[in-house]
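**Student:** generate coordinates for the sequence data below:
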Amino acid sequence: MLARKPDGKLQPRLIPSDKDPNAFHITHPKNSLEGNVAVASEGRGFHFVFPVEPHGDKPYLNGLKPGDASRTALGLFERNTAHHNREYGLRIDDYMDKDGNVKEMMSGYNPRTDSTNSTSPLVLTQLTCFTGYGNGITNAHVRAGELSLSQFRVAKSKSGIVMLRGVRTERYEQKIEDSVILGEREDATVDEDDSDTERRVGLLFTGPVTLKNIYFDDFYKSNVYNSGAIGFAGKNSEAVTQNRMEEGISFGFSDPEQGNRMLKPDTDNDRGGNDVESFRDNGQVTHSSSPTTVLRSTSFHVTDQCYTRENWGPYAICNEDYAMMGISNIVNVKRVSHTDTVVTLDSEGDPVPKNTPFNVVLNRFHYHYVFSFGKDDFDFSRALKLRTSDKKQVIYFDQNLKL
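**Tutor:** Purely as a prediction, here's the structure:
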C-alpha cells in the first residue's frame with residue numbers, strides 16, 4: 001500500500017491525519033495485521049494511534065469507551081513489511097485527541113488485562129516477523145510497557161529499532177530476540193553526504209530490556225556523524241536497571257577498528273536516569289572473556305576492575321556487578337575500599353537530594369558504603385530502595401539498623 005497526501009486545494013483533507021498520510025493508520029488496537037506491505041507513504045508505514053475517545057459516525061459500535069484504546073491489547077501483528085516510508089516504518093507512540101489530531105503520547109501504549117481499569121496488570125505486547133528498511137527516520141519505534149519483539153529484520157535507516165519505556169510507575173520487562181539489525185554503511189570507504197550529520201544507531205532503548213540472538217552489522221566508521229550498534233535513549237529522567245545482553249549477540253564488524261558497538265551519547269541531553277544507565281553483558285558486546293557491566297564512567301562508579309574505550313565516550317567496562325540504590329532522604333554517601341580509599345557520590349562531598357539514584361558495587365570484600373544523615377532517629381532500612389541487575393538476587397539488611 002502506498003499513501004499520498006491531498007494538496008488541500010483540489011484535493012481537500014477529510015481528516016486531520018491526511019496532512020501526513022500513513023499506509024496503515026490503525027486506531028482500533030484489536031485489528032490484526034498479517035503479511036502486509038507498506039511502501040513509500042508520505043507519513044508512516046504502520047501507525048498505531050490510540051484515540052482518547054471512540055471516533056467515527058457510530059463510535060459505540062467499536063466496543064471501546066473513552067480511555068480504553070491505549071489499554072486494549074493489540075491483535076496479531078506478524079509478517080509485515082515497511083520500506084521507504086518518509087518517516088517511520090512502524091510507530092506505536094501516539095494518541096488522537098477528540099478533534100482527530102495525532103499527538104505524541106509520552107506515557108506509551110500500556111495494555112491491561114482489564115482495559116477499563118488503569119491499575120489492572122499489564123499485558124504483553126508481541127510483535128513478530130517485521131521487516132523494515134529505508135524508512136526516513138526509524139524502521140520501528142515502539143513505546144510500551146511489557147513488550148516482546150522477535151524475528152525483526154531492519155536496515156538502512158537513521159535508527160533501526162527504538163524501544164522506549166511506557167508507564168513509569170510500574171516494573172516490567174521488554175525483550176528483543178532472534179533479530180538482525182543493519183546500519184547504513186556497508187563499507188567504511190563509501191562516499192558520505194557531508195550535510196547529513198544526524199546520528200545513526202541500530203537499537204536505542206530505555207529499558208529494562210533483554211537482548212538475545214541479535215546480529216548487528218554495517219555500522220562502519222563515519223567522518224560525518226556519530227554512529228553505533230547499541231545506544232541508550234537520551235533525555236531519560238527515570239532510573240532503570242536490569243538491562244541484559246545475553247547469549248547470541250554478534251557483530252559483523254570489529255570495534256574499534258571498523259566501527260562502534262556502543263553509540264557515544266550526546267551528554268547535553270542527559271537527565272538523571274542517564275547518569276546511572278547500565279547493562280550487564282555476558283561478554284559478547286564488550287568482547288570480554290567473562291561477564292561485565294557497562295555503565296557511566298564516574299569516579300563513584302568505577303573501580304580498578306574497570307577500563308574505558310575512547311570510541312564509547314563516557315562509558316566504562318567493569319568486571320564488577322552492581323546494584324542501583326536510592327534513599328528517601330538527603331544523604332551523604334561515601335564508598336570506602338579495602339585500602340581505605342574514599343570516593344563521595346557528590347564530587348564536592350556534599351549531601352545529595354533524596355531519591356537520587358546511584359550504582360553500588362556488589363563486592364563486600366573490597367568495598368563498603370557509609371551513609372550520613374542529618375537526623376539521629378532516621379530509619380535507614382525503611383528508606384532504602386535497592387535494585388540489582390539480577391532480579392533473582394536478594395540482598396538483606398538489618399531492619400533495626402539506624403544511622
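
**Student:** hmm, residue 47 and residue 88 touching each other?
**Tutor:** Yes: counting by C-beta atoms under 8 Å, residue 88 does reach residue 47; the two are 7.2 Å apart. Where C-beta positions appear, they are placed from N, C-alpha and C, glycine not excepted.

**Student:** so which residues of the stretch 251-400 of the chain form strands?
**Tutor:** 278-281, 292-296, 306-308, 315-318, 322-327, 332-337, 342-344, 358-361, 367-372, 384-388 (DSSP state E, counting those that start in this stretch).

**Student:** and the second one, what does it pack against?
**Tutor:** Yep, that's strand 292-296 we're talking about. strand 278-281, strand 315-318 (3 or more C-beta pairs under 8 Å, 6 or more residues apart in numbering; DSSP states H and E).

**Student:** how about 10 Å then?
**Tutor:** strand 227-232, helix 272-275, strand 278-281, strand 306-308, strand 315-318, strand 322-327, strand 358-361 (3 or more C-beta pairs under 10 Å, 6 or more residues apart in numbering; DSSP states H and E).

**Student:** picking that back up, need the overlap of contacts for residue 88 and residue 47.
**Tutor:** Residues touching both residue 88 and residue 47 (C-beta atoms under 10 Å, 6 or more residues apart in numbering) are 22, 38, 41, 82, 141.

**Student:** next one: residue 151 from residue 145, what distance?
**Tutor:** 21 Å (C-beta to C-beta, to the nearest Å).

**Student:** which one's more surrounded, these two?
**Tutor:** More crowded of residue 151 and residue 145, by other C-beta atoms under 10 Å: residue 145, with 23 against 17.

**Student:** dump the residue contacts of that one.
**Tutor:** 71, 107-112, 121-125, 165-167, 170, 172-174.

**Student:** show me which of these are buried.
**Tutor:** Buried members of the contacts of residue 145, counted by 16 or more other C-beta atoms under 10 Å: 71, 107-112, 122-123, 125, 165-167, 172-174.

**Student:** out of these, list just those in strands.
**Tutor:** 125, 165, 174 (DSSP state E).

**Student:** so where's this structure shaky on pLDDT?
**Tutor:** Low-confidence segments of the chain (pLDDT under 70): 1-19, 56-62, 375-378, 380-382, 388-403.

**Student:** can you list the domain ranges for it.
**Tutor:** Annotated domains of the chain cover 16-295, 325-388 [automatic domain parsing].

**Student:** can you put these in a markdown table and add distance to residue 310?
**Tutor:** Listed next are the domains of the chain as a markdown table, based on distance: least, C-beta to C-beta, whole Å:
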| stretch | distance to residue 310 |
| --- | --- |
| domain 16-295 | 7 |
| domain 325-388 | 22 |
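
**Student:** rewinding a little: let's have the strands of the stretch 251-400 of the chain in a markdown table, adding mean neighbour count and distance to residue 238.
**Tutor:** A markdown table is the format used below for the strands of the stretch 251-400 of the chain (neighbours: other C-beta atoms under 10 Å; distance: least, C-beta to C-beta, whole Å):
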| stretch | mean neighbour count | distance to residue 238 |
| --- | --- | --- |
| strand 278-281 | 24 | 14 |
| strand 292-296 | 24 | 15 |
| strand 306-308 | 15 | 24 |
| strand 315-318 | 23 | 19 |
| strand 322-327 | 20 | 11 |
| strand 332-337 | 17 | 20 |
| strand 342-344 | 15 | 24 |
| strand 358-361 | 22 | 14 |
| strand 367-372 | 14 | 23 |
| strand 384-388 | 16 | 12 |
